[in-house]
Each structure stands twice: as C-alpha cells, then as structure tokens.
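Colleague: need a structure here:
(chains A, B, C and D)
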There are 4 protein chains.
Amino acid sequence: MSFNIGKLSVTIAGESHAKALSVIIEGIPAGVKIDSFKLRDFMKRRVPGQNKYSTSRNETDIPIILSGIKNGFSTGAPISAMIENSDTRSRDYGERLDVPRPAHADYPASVKFGEYFDFCGGGQFSGRLTAAMCFAGGIAKQLLSEKGIEVCGHIASIHGIRDESYSSEISDVSGKEFPVISDAAGELMKAEIDKARMSGDSVGGCIECAVTGLSPGIGDALYGGLDGELAKAVFAVPAVKGVEFGAGFDVCGMLGSENNDAYYTDGTDIKTVTNNHGGILGGMSSGMPILLRVAMKPTPSIAMKQNSVSLSKHKNVELEIIGRHDPCVVPRAVPCIESMCALVILGKIL
Amino acid sequence: MSFNIGKLSVTIAGESHAKALSVIIEGIPAGVKIDSFKLRDFMKRRVPGQNKYSTSRNETDIPIILSGIKNGFSTGAPISAMIENSDTRSRDYGERLDVPRPAHADYPASVKFGEYFDFCGGGQFSGRLTAAMCFAGGIAKQLLSEKGIEVCGHIASIHGIRDESYSSEISDVSGKEFPVISDAAGELMKAEIDKARMSGDSVGGCIECAVTGLSPGIGDALYGGLDGELAKAVFAVPAVKGVEFGAGFDVCGMLGSENNDAYYTDGTDIKTVTNNHGGILGGMSSGMPILLRVAMKPTPSIAMKQNSVSLSKHKNVELEIIGRHDPCVVPRAVPCIESMCALVILGKIL
Amino acid sequence: MSFNIGKLSVTIAGESHAKALSVIIEGIPAGVKIDSFKLRDFMKRRVPGQNKYSTSRNETDIPIILSGIKNGFSTGAPISAMIENSDTRSRDYGERLDVPRPAHADYPASVKFGEYFDFCGGGQFSGRLTAAMCFAGGIAKQLLSEKGIEVCGHIASIHGIRDESYSSEISDVSGKEFPVISDAAGELMKAEIDKARMSGDSVGGCIECAVTGLSPGIGDALYGGLDGELAKAVFAVPAVKGVEFGAGFDVCGMLGSENNDAYYTDGTDIKTVTNNHGGILGGMSSGMPILLRVAMKPTPSIAMKQNSVSLSKHKNVELEIIGRHDPCVVPRAVPCIESMCALVILGKIL
Amino acid sequence: MSFNIGKLSVTIAGESHAKALSVIIEGIPAGVKIDSFKLRDFMKRRVPGQNKYSTSRNETDIPIILSGIKNGFSTGAPISAMIENSDTRSRDYGERLDVPRPAHADYPASVKFGEYFDFCGGGQFSGRLTAAMCFAGGIAKQLLSEKGIEVCGHIASIHGIRDESYSSEISDVSGKEFPVISDAAGELMKAEIDKARMSGDSVGGCIECAVTGLSPGIGDALYGGLDGELAKAVFAVPAVKGVEFGAGFDVCGMLGSENNDAYYTDGTDIKTVTNNHGGILGGMSSGMPILLRVAMKPTPSIAMKQNSVSLSKHKNVELEIIGRHDPCVVPRAVPCIESMCALVILGKIL
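Modeller: This is a model prediction of the structure:
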C-alpha cells in the first residue's frame, strides 16, 4: 500500500503470516513530538484478543521504530517501523489454496497471483495490516491534535442496533472499551455480537467518524476533492462496502430546500444551521465538522458450512472454515477508520 | 483535475465562464480507433438545454481535437481537446462574490482563493467541467468496449421514486432520453422533477452503475483497491454525497451467513450465487459484475429565498438566486458517473 | 508530458503537425499577477524564423489562454492555453515513415507506436513542443522573480567556442538576441553556425544555467534531490545528452581538498569560498547559486546524405532530408532550459 | 526516498546511526524466483570494511526479509526488508551539529531540519542508505537478467587515471574485487587512492554503466524520457555531480555529420554503426546498448584541516573531521549506480 497525499506518503508492507509488518512514513517535518505511550494506547484499540468480541489471535502489536524518531522527536527523515507477527498458526490454512472462502479475497487473489500467493490468514489482504495503518494514523492524529484538529469515531450501528449520531453533538468516546455514545445501545450491540458468535455467524455494522477543527477551503475541485480522498482512504480498510457524507444516501429523497444548509454568522465565524453537507462542499472543507459514515460487512469467516468451489477439481464443494476470527470487526475497525481519515487530513494540510 | 491510474492520466482545466474547457489524456496506445460520432452521441447525453428537465443554458459541447488523433485513430501522443464555452451569462453573477449560495462551493472557494476566484457559474467547481470528463470517459468506454467490458448506468431513484435494480439483470438503457429500466417509474420521476421545477425547488436521486466483462483479479490490496479508486472517482462528479458497492449500506444489518456470496462453478467459470459483494473482494474484481450506487444531492441552486451571509458586511442576509439551473442533475449525471468508472477501469487494465 | 513536483503539475500535449499544442498548469495559487507581455517576450526567445541561425518555419507562438487567468491574475483554477501550429508543411514528410532519420526519434518511435505514429516533423518528439514548455516556464519565472529567485542561462559553448562562465559572475544576458556573456565569443560562435549551415551540417553546444536567490535547504535526500529533479527536467528538452552541476565532470580528476568548498561567514550569511558544488549538497540547495551545464547535440537534421535503412524493405539505403531545420538549436534552447529549471524550483517551493 | 516508475515503487528509510534501514518494494509480480545468495553477493560489492580502499566501518549488510518472499519466490505482496546498523559510533559526532563539514549535507540539512536533524554519520543523507538501494537494485537485476537484460558498470576513471571504455565492447567485470576492465589501469587507480588516503585526502572518479538487451521503443517523450529517468535515478546516489549518455559532453564540439549514428541492418536487426547516442533517442531506447557515465566527487570527509563556520557562534572556525571514511567512494558506488539504473529499466518494462 502506497498512500500519497500532498507531501505525506505512507507505505505499508506485510502479510498475515509473514515475519513482520513494515511501515514507512515520509513527509513528517522535523521536531514533531511523538508520544509513544499515546501511540500504543491508540494502537491498542484495534489489538485483537482483548475480549470475547474479537479473535483470540494474540498479538501485542508493539511497533519497533527503526528510524526517523530520536529521543521522542521526529528527525525529518522518513519514519520507519516494524510490527512483528508473533502468533501465526499457518497450520490452520493447509498446504495450498484450493477452496476460496466466500466474501474473502481468496478467489480473485488466486487468479491474480497464482500459486505463489501466500494465502495464510489472507496474506496481504488480511485485516492484520491495519495494525500498520494505525501506527501511521496514530502519529497523524498526534500532529493534527497539536493543530486543534481532532478525528474521532464511534460505532454507529451493529446488526441494525443504532447508536446516537454525531449530527446532534460530537463526543469523543475513544476511551471506552466499546466505543459508542449510548452505552445502553452498546449493550444491545454486544448482545447481537454474542448471539452471532454463539451461532458461528458474524454481524456487520456502521462506523461514524468526525473531523473537527479544520478550517474552510481545504481540498480541491473534482478529482482532488477532500470527500473523494476520504472515500478512497476508508476503502483501504478491509470489509468497507460504502461511505457517505452528511445526509449521505438520504439526499436521494430530499428536496433542495430541505438539503441546502443555510449560512449564518454569529459575528465572528460563518457556519451552517444544519450539516447535511457533512462539512464538505465542492470538494473543500466548509469549516463545519466533517461527518462520514462507513458500512462494514459482517466478518466473512464464519463457522457455518458454506458452498464454494475446489479450484483444482473445478467442482462445487462444501467448506468449513477453521481458525480464529472476530464475530464482528466493527469495534476494532473504529481506530482504523480514524487513522485513514487522519492521514488524508494531514496530507492535505502539511 | 489530474487523474492518474496506472498508465492513464486525464488532466482537465476550465471554469464555467472561461473561454473553453481543456482536456489532455495520456496513456492511450497508438492505433486505437476512436469513433467521433459515437463519442458525440455519448457526450450529448449530458448536454444541457435538451428538454425541460435540465437547465436552459445552451451549449453544443462539440469537442475540438487538438492533437493525438489523426484520421480517426490515436497516434500514441497525448490526446488533447477543447470544448468552448459559448453561452455564458456572467451578468447573472454580478461584480463580486458576496453572498455564498448554500450547498455550493462558493464559501469555501472564497476562503481558499480570495477575491481572484472566478465565481461566475461556480468557476472551476461548476458541473460544466463534466463535459470534459465525458470526453475522456467516452473514449475510455470505446476502448473498454473493444475488450468486451461495458460500463452502463441508469437512474436508480429520484426523490424516493425507485427504478428497478441491476441486481436482478443488467440492461443498457443509454439509448433512452430518460435512462431508466422501468419507463413507468421514469414517468413518476419526471413528475417529481416537474413538481420541484414548478415550485422553484430541486430534487436529489441515486444512480446505479455496472461494469460487466471484467476478469477477476484486477485491483490491489488496501489503498490500491478497485473499490477505493472507483469511490474517489465518482466523487469527482459534483453533487455526489455517497457511494456503495453491492449490498452497500445494507450490510450493516446483515449476518455473515446472509451477506457471504457462495461460489459455484458451471463447469467453466467460477461465479457467485448472489452479488452482495458488488463484484469486488479484497479490492479486486471477482469476475462478477461490479455494481455501485451513487447518491446525488438536489441541485443547490433553487429559486426560493434562502438564508445566507454577506461576506463583506459580516451579517445575515436573504439570498435569491437568479440564473438557469437544472431542477435535477441526476439524468445528466448518468454519463458522468459512467465516464469516471470507465476511466478507473481503463487505467487499471491498460 | 506530465511534470509533477510538489503541488505543481504541468501537462503538455501536441505534435509538430497537429492543430495545436496544449498546456495545463495546476498548482498556481490565486491572485498571482501574470504579465502577458513579459511572457510573450520570453517565449519569443525560442520562436523560430527570427534570423538565419534558426529554421525558417514561421510560427508566431502566441498562446491563447483558455482558463485560469482573468484580468491579468490567476484565478486559482488550472491555467490552460493552446498554441496553434500554423506553418506545417506535411508534404515534406511523405506518406509514411519508411527511412528513419539518424539521431532522431523516428526509429524507436516507429517500433513503439507502429504505423499510427504521426511522424511528420517528429510528431510528439518534435522540438516544437518546447513552445508549450516555455509558456509554463515563463509563468514560473514570473512567480520566482517575485520571490527574488532568478533563473538565467547563456550559451556556454558552440562547436568548441566557449563563452565566459557563470562561475566568476552571473550576468543576465537574456535581453541579447544571441545570449552570450562575451559578444566576441558570440561572433565566433555565429561564424561556426554559419559555416555548418552553408555546408549542410549542424553544430552542438553547451548551455549554462544559474538559479540565484534560493534559500538553503530546498530539496530532499536521495531520489528526491534537487539535482536529480533538475537533471530529469533538462532532459525533457530534446537534444540534451548530459548535465553537470558545479565542477561537474571535472570532479573525477580532483582531490577532496581541491573540490571541497570551504564555508565562511560575512557576519550575516553563510557562504562557500568556491562553488564547486554548484549550489547543491545532499540534494538540497546550499544558498549559493545553482550552476548547471547541459550538453546539446548538433541538430540531427542535416542536408548531407546519410546512411539509413528502409523499414519496409529491410535493406540499407541512403537518405537525404528535405525540410527546414536549425543548423544549431543551442540559442533557441536557452529559454527551454531556463523554463525546465524554473518549473523544478517553483515546484519545490510552492 | 520514494521511487516510482510505472508499476514499480521502492521506498527507503533510514539514517546512518538509526536502528536499521528499511526498504519496501512494490510491483514485483508473484512467482519471481529471488536468489538470496546472488543478492547477497551483489550487495557485498558495496559493503564497507573489505579492504584498505574503503572505510573501516564494519557492517555485514545482511538483509532480513520481513514479507513478500516465501520459499525463494515473490508472493506478489510488497517485498519488505530491513538491514541493521550494527557498527555505529555516534561518539565520533559529538552532541550537536555546530560546524558543518564542507561538501557534506550538514549545512543545508541543519537549515531544513533544525536541531532535530540526526546528523550523526550524515543522517538520512549518508551513503549508508545505498545498502538499501542495492537490496532493491539486486532484485531488479535478477528480474531483468531473466528477460535477457543486463546492467553492468565499471570504474571509468579515478583521479584522472582512465579505464578502457564500454564504447568498444561491454564486458562484465563485476566479479573482480576492483571492477575495471584493464587491471593495469586498476593498479594505477589503487595507487592514487592509496596516495590520497595516506595524505588524509580523497579522490573522485567516474563510473560507466551499460544496459544491454533492451528492445527499442522503451521510454516516453519529453519529461518521460528514459534518459531523464536514468539521470534522476543516478543522482540518488550521494556524491554524483554529473551524468552523460553516449558521446555526452563531447557532442558540444561535434558536427551533426560526426555525431549522427548511421543506421544499418544485418538482415534481421536494425543497428547503428556508432553509438554516440548512447542507446537513447527521443527519450526511448534505440535497441543499442545504453551507455552512461556518472561523475562522482571525492569523498568530502578528509583528515586535513578545513575552513568552516560555527553555526552557534556565527564565526569562522577550523574543522578537523574525526571518523572512518573511504578515501574514494567510486569502487563501492559501482553497484549503487547499477542498482538505480536497473530499477529504472525494470520500472519501464514491468
């Protein structure tokens, strides 16, 4: 993965069962304080094996800084780090990829890469690589925070159970083990996850993410739009199937007179009364909070028998997946979505 | 706008009221037949002033080829064209941008560019620039078609009135003046547009687009995913507020056992029984049709009075917009969405 | 040609005998004053047909601005222009490319593009395209000049006759019809060009270019070095065969104690006593003038008979070139080299 | 360093005294055999501490593969590796950068990065980073070799002592400890290096590099030229001050009739009688060997006293450099130049 926006580049390498993930960040100026404890705390939000709602694969995800940071400050050189893969169980995956798992990257990857594709754990398509994303995103968030820009997300819904929305008020719930605004809704969501886990199934959900403190006019016209960049970025997180800003798909049923956000001034700033535009107009930030929602599909790995095909025998077969999997990736994906959004914003303002 | 995917680059310049739009396409191989009649027919699908459902601004949108095409074939040099702006009425816009129009790019553009921003007709943020997009997209579609890849779209809904969906069957309705599968639904949509037009309002809608004939394995992991590239590309079309693939936002309420698309083989090909994944898995094409839906907001320019702010006087004012505007941009946006999708796919396979 | 450095992009399209050249410049901020008279004066320095030292092809090279500039100021939108090809004589080139002209792009272009290559006048490989380069470069020079950065070049040598060097003092000779520091040397050079012209031959030469007023620390390590960027950029000008900075190839015969430029301070600035490093250290500007020299080969088109090959008959043949050609491209190439250097510097500081 | 040509990307991070160098290579297809012994042999050609002609810093430079290679074959995922810095002696460099070493990156880097620049050993500007370049280049050479393309270099001159030239015949001397064609010339060169070393001085030299087996038509017009890409790439190697192709700077004194390389055919292939053009015409390969020469300055670090400036005190001081340094970097730079050339060629043909 090679992410380039403005002066910022993030390059990520790794495979689920390779020795380590690598990440190189270019474009961070010299002299930026990087708080490694804060960074680990952030990365911990996506670490697996913390509770029964996630996979039991045990990874500590402690990044080893190889260059670019000295005595807690960036040196101006590219920042490089590795994150070791410690708990790989390739035996769960057999000798070769024969029966592609539904809704996984297995089948197209086998066409693209042939027999050399390291399919164990999904190879380079594994959600495991989001650990490296969060390393980069965690640093981006620290830089943004210094400039008064905050990126925060929460679980907007799981299997139909909805949290409150940021459209009324944006509250940072990142400190919570289960990042929802309404803990009552959270309990219902957990129950849904539990139910899915016990029946060998999985559930999807929605993440809402906000960016506050961004001044107006950031972004460019047409293909250089901030919304397009954010959209592309969130699709880098595995399992994302849709993205919308502000009123999003609801605009399809709205009148212009309902959707248009009227401007007003409080004497100093210019704001909009409502935020149907989700903080972006003409590809540029409007000064209002950026609001986006991301649809995440249910974890493809389920314990139930599924229909698939034997690639070697060209015939229909039944598949039973063995291994350790999250019944729902949404909670762990919240910091990943925040990371990708933070990287886009940082790239646009550096 | 500078669009780069693989060897393909498309650079677009222009402003609503400037002398002309420009477009340069790099990466088209030599010897490709380019049918200029077919290209004009395609571009005509977005031309304004054709009927009462669109703005009365009168533009013929005939592109003038400046280089790269000789005797109907590409020469291997960059293809360059201009499209003149003939019917500009800057007098509708006054001396300077003082009261930003709600839901337009005016306000953030005025912060970004200051007084030098050519705000007439929205300047570089105008939907007018999609004429150049369609020039490039129309050429891309011709190249793809030669390779058996078709990109086609239809109006999926307008102000809540829904067309049939591509998920059952993909039919090319591009020949129709009003591109819907169900003409009955189309009539209801037209009535909605008419109603909005007569009340000085506007309506939003949804476009569905399909890509068929693409072999599996096109696309890359994470930030290089085909879904991310398509998402970014469609946001280049003004008024887009959301994008989703396959089951899209519905996955948020689904179980893995519902959402996973089982594989089967008919002896030759490997297919999925359902297409909730919308033809993309792990950022790669699966061989199934790519299905995406795009949410488009109601035209921001409405005749009704709106609340806004005088930038020079820093106080709240009422705004009445004069000018010629579409009551609904969705019908004319269908070829634009097709264009951006075609460019992404072409870039990925060139 | 797609040139991207930092926020600056320049895209050029055209062919020697196509309708027009196109150029799109992205990244110029809004509100920059662009003096069109100054720009034409600069572009005139490379216009052909001005005297007996250049080709008799008659082109006025007046750029037509299509967008991005209004009332003499940049609007913040991409700047787009076209330059018409008025005096094309395709009849000089025959029906198809059969016998490639030595030292021209003909042969590799015929392999790359096949029969669809528009070879007339060299097609997209023609020196004609430097007119578009100079449009972009001329604008870049105006922006740089506002910031106190000047880019100026002169003919360093023609066919062995040397001008004085910038290493002693940098003087802007751009106002001269024949841009040399020593007019006496210039007369000798002209005599060499004349001699070549009369014998149906051509001569090569060297251009020296300086950039003054650039503060230290511009540029990046390794592949992002300012020297590498400048080197790549000057090779965009046809006929360039080498580039060197400061002492250049002479360093191969030097000791470290001879080559190292000692630092000193005059109380305010830090400078070097000598400038063997040519203003760049570790890929970054040092604050001293950037000095580079570019080797330009003799015009490939000569009137004398040459040995070549018939591509259709696969046999050796003699070739006699008809057409209008410069006996020496060096004088007209000076503004082209300045342009490419100016674009790199502007890209690095925007 | 982020190198992108076509589908190939190489990202390098590291600093002379950081924990490790990192390198990520994207774009290598799946199923490519990578011979790790051959790779180490290649990398060994630039390893320091092997003989008295190079620095005594002791690094084994054994790369640790982190991902992308499994059982000796590429998996299609990005290839990632680290090379540890084991023998760093930061104590040689003191507390802070106060007196910049002449001809090093110290001064501009201190302006660019301020006090946070990790100046020990030159930080990110150190020749140390070429170890990572050679890792990537060594892999590129293996891929090219499979396609019949060889990249080989030799020392063309050191301190005025010249080796034979590739222009007569290209011979691979990479197996030699001291890579010259004429061993007699090599002995004289070694004597020059020795002399410089004993007097606490250093010497410069020239490297010639050839690429054979490349078919015609690779490369693009103007800014996309193969010569420009190669030129930029070799400047990524620290100490390069010039690059020329074929006859190079000699063209400045030549007539067209002397410089033009006549075509002929031997019945099957089309070749040129001479190779003044160095295998590149119009930015494209001609099918003849690519020949380039690179000027490398004498090692800046010399034992003799030099004049410099104290940055903290703003006054002129004398500087004596302590540390371990090569009296001549040219021999160790040969594989670095080969690497950068190989990466460009691979990027252009992938």
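Colleague: what about the residue of the stretch 51-200 of chain A found nearest chain C, which SS state?
Modeller: Sorted by distance to chain C under Cβ to the nearest Cβ, the residues of the stretch 51-200 of chain A start with A:Ala77, at 7.6 Å. For the C-beta atoms, the positions are set from N, CA and C on the backbone; glycine is no exception. Secondary structure state of A:Ala77, per DSSP: H, G, I helix; E, B strand; the rest coil, is coil.
Colleague: distance of the residue nearest to it when sequence neighbours are not counted from D:Gly175?
Modeller: Taking Cβ to Cβ, 6 or more residues apart in numbering or on different chains as the measure, A:Ala77 lies nearest to D:Gln124, with 3.7 Å between them; neighbours along the chain are not counted. The span separating D:Gln124 from D:Gly175 equals 32 Å under the rule Cβ to Cβ, to the nearest Å.
Colleague: same thing with A:Arg101?
Modeller: As for A:Arg101, its distance to D:Gly175 is 49 Å (criterion: Cβ to Cβ).
Colleague: neighbour count winner among these two?
Modeller: Neighbour count, other Cβ atoms under 10 Å in any protein chain shown: between A:Arg101 and D:Gly175, A:Arg101 has more, with 21 against 8.
Colleague: which residues of the stretch 201-350 of chain A lie near chain C?
Modeller: A:Ala221 (Cβ under 8 Å from any Cβ of the partner chain).
Colleague: residues near the residue of the stretch 101-250 of chain A found nearest chain B, how many?
Modeller: Scanning the stretch 101-250 of chain A for proximity to chain B using Cβ to the nearest Cβ identifies A:Ala105 as nearest, at 2.4 Å. Other residues within reach of A:Ala105 by the criterion other Cβ under 10 Å amount to 29.
Colleague: please apply the same query to A:Asp98.
Modeller: Here the neighbour count serves as a burial measure; for A:Asp98 (other Cβ under 10 Å) it reads 17.
Colleague: which residues touch the residue lying farthest from the centre of chain A?
Modeller: Most distant from the centre of chain A: A:Gly267, at 37.8 Å, with distances by Cα atoms, centre = their mean. Contact partners of A:Gly267, counting by Cβ atoms under 8 Å, 6 or more residues apart in numbering or on different chains, are B:His314.
Colleague: hang on, it is in a strand, isn't it?
Modeller: No: under three-state DSSP, A:Gly267 falls outside any strand and is assigned coil.
Colleague: next one: it from B:Asp98, what distance?
Modeller: Note on A:Gly267: its distance to B:Asp98, by Cβ to Cβ, is 18 Å.
Colleague: do the same with A:Phe245
Modeller: 27 Å.
Colleague: what's the answer for A:Gly323, then?
Modeller: When Cβ to Cβ is applied, the distance between A:Gly323 and B:Asp98 equals 62 Å.
Colleague: same check, this time on A:Gly248
Modeller: As judged by Cβ to Cβ, A:Gly248 and B:Asp98 stand 31 Å apart.
Colleague: kindly report the same for A:Pro179.
Modeller: Counting by Cβ to Cβ - A:Pro179 and B:Asp98 are separated by 43 Å.
Colleague: show me the contacts for A:Ile280.
Modeller: Listed by Cβ under 8 Å, 6+ apart, the contact partners of A:Ile280 are A:219, A:225-227, A:245-246, A:286, A:290.
Colleague: restricted to strands, list these.
Modeller: Mapping the contacts of A:Ile280 onto strands (DSSP state E) picks out A:245, A:290.
Colleague: and the residue of the stretch 201-350 of chain A nearest chain C?
Modeller: Counting by Cβ to the nearest Cβ, the stretch 201-350 of chain A gets nearest to chain C through A:Ala221 (7.6 Å).
Colleague: thought that residue was touching B:Phe125?
Modeller: Yes: with contact taken as Cβ atoms under 8 Å, A:Ala221 and B:Phe125 are classed as touching, separated by 5.2 Å.
Colleague: what touches both of the two?
Modeller: Shared contacts of A:Ala221 and B:Phe125, defined by Cβ under 8 Å, 6+ apart, are found at A:282-283, B:105.
Colleague: let me see the confidence value for the closest residue to A:Phe235 other than its chain neighbours.
Modeller: What sits nearest to A:Phe235 in space, not counting adjacent residues and going by Cβ to Cβ, 6+ apart, is B:Gly228, at 3.3 Å. According to the predicted model, the pLDDT of B:Gly228 comes to 98.
Colleague: what's near enough to touch B:Gly228?
Modeller: By Cβ under 8 Å, 6+ apart, the contact list for B:Gly228 reads A:231-236, B:283.
Colleague: of these, closest to D:Ile349?
Modeller: Distance ranking of these against D:Ile349, using Cβ to Cβ, places B:Gly283 first at 24.9 Å.
Colleague: what about that closest one, how many neighbours?
Modeller: 25.
Colleague: ok, the longest helix seen in chain A near chain D or not?
Modeller: As assigned by DSSP state H, the longest helix anywhere in chain A is helix A:330-349. No: applying Cβ under 8 Å from any Cβ, one finds helix A:330-349 separated from chain D by no less than 13.6 Å.
Colleague: output that helix as CSV - backbone C-alpha positions only.
Modeller: Coordinates of each C-alpha in helix A:330-349 appear next as CSV, following Å, rounded to 0.1, in the frame of the first residue of the first chain:
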residue,chain,number,x,y,z
VAL,A,330,-16.7,-3.1,13.6
PRO,A,331,-15.4,-2.3,17.1
ARG,A,332,-11.7,-2.9,16.2
ALA,A,333,-12.2,-1.0,12.9
VAL,A,334,-13.1,2.3,14.5
PRO,A,335,-9.4,3.3,15.1
CYS,A,336,-8.6,2.1,11.5
ILE,A,337,-11.2,4.4,10.0
GLU,A,338,-10.0,7.3,12.2
SER,A,339,-6.4,6.5,11.0
MET,A,340,-7.2,6.7,7.4
CYS,A,341,-9.2,9.9,7.8
ALA,A,342,-6.4,11.4,9.9
LEU,A,343,-3.8,10.6,7.2
VAL,A,344,-5.9,12.2,4.5
ILE,A,345,-6.4,15.4,6.5
LEU,A,346,-2.8,15.6,7.5
GLY,A,347,-1.7,15.1,3.9
LYS,A,348,-3.9,17.9,2.8
ILE,A,349,-2.7,20.4,5.4
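Colleague: ok, now how distant is the closest residue to A:Leu350 other than its chain neighbours from C:Phe3?
Modeller: With Cβ to Cβ, 6+ apart as the criterion, A:Leu350 has its nearest non-adjacent residue at 4.8 Å, and that residue is A:Lys7. Summarising the geometry, the distance separating A:Lys7 from C:Phe3, computed by Cβ to Cβ, is 17 Å.
Colleague: tell me the residues of the stretch 51-200 of chain A that contact chain B?
Modeller: That would be A:100, A:102-105, A:107-109, A:111-113, A:122, A:124-125, A:129, A:133, A:157-160, A:196, which are the residues of the stretch 51-200 of chain A within reach of chain B (Cβ under 8 Å from any Cβ).
Colleague: you'd agree A:Ala236 is up against A:Ser339?
Modeller: No: no contact is recorded between A:Ala236 and A:Ser339 when judged using Cβ under 8 Å, the distance being 9.4 Å.
Colleague: of these two, which one has the most company?
Modeller: With other Cβ under 10 Å as the criterion, A:Ala236 and A:Ser339 differ in neighbour count, and A:Ser339 comes out ahead with 32 against 27.
Colleague: got the contact list for that one?
Modeller: Contact criterion Cβ under 8 Å, 6+ apart gives A:130, A:133-134, A:136-138, A:140-141 as the residues in contact with A:Ser339.
Colleague: how about it: what's its closest non-neighbour residue?
Modeller: Of all residues not flanking A:Ser339 in the chain, A:Gly137 sits nearest, at 2.1 Å (Cβ to Cβ, 6+ apart).
Colleague: also A:Phe3?
Modeller: Nearest to A:Phe3 is A:Val10, by Cβ to Cβ, 6+ apart, at 4.3 Å.
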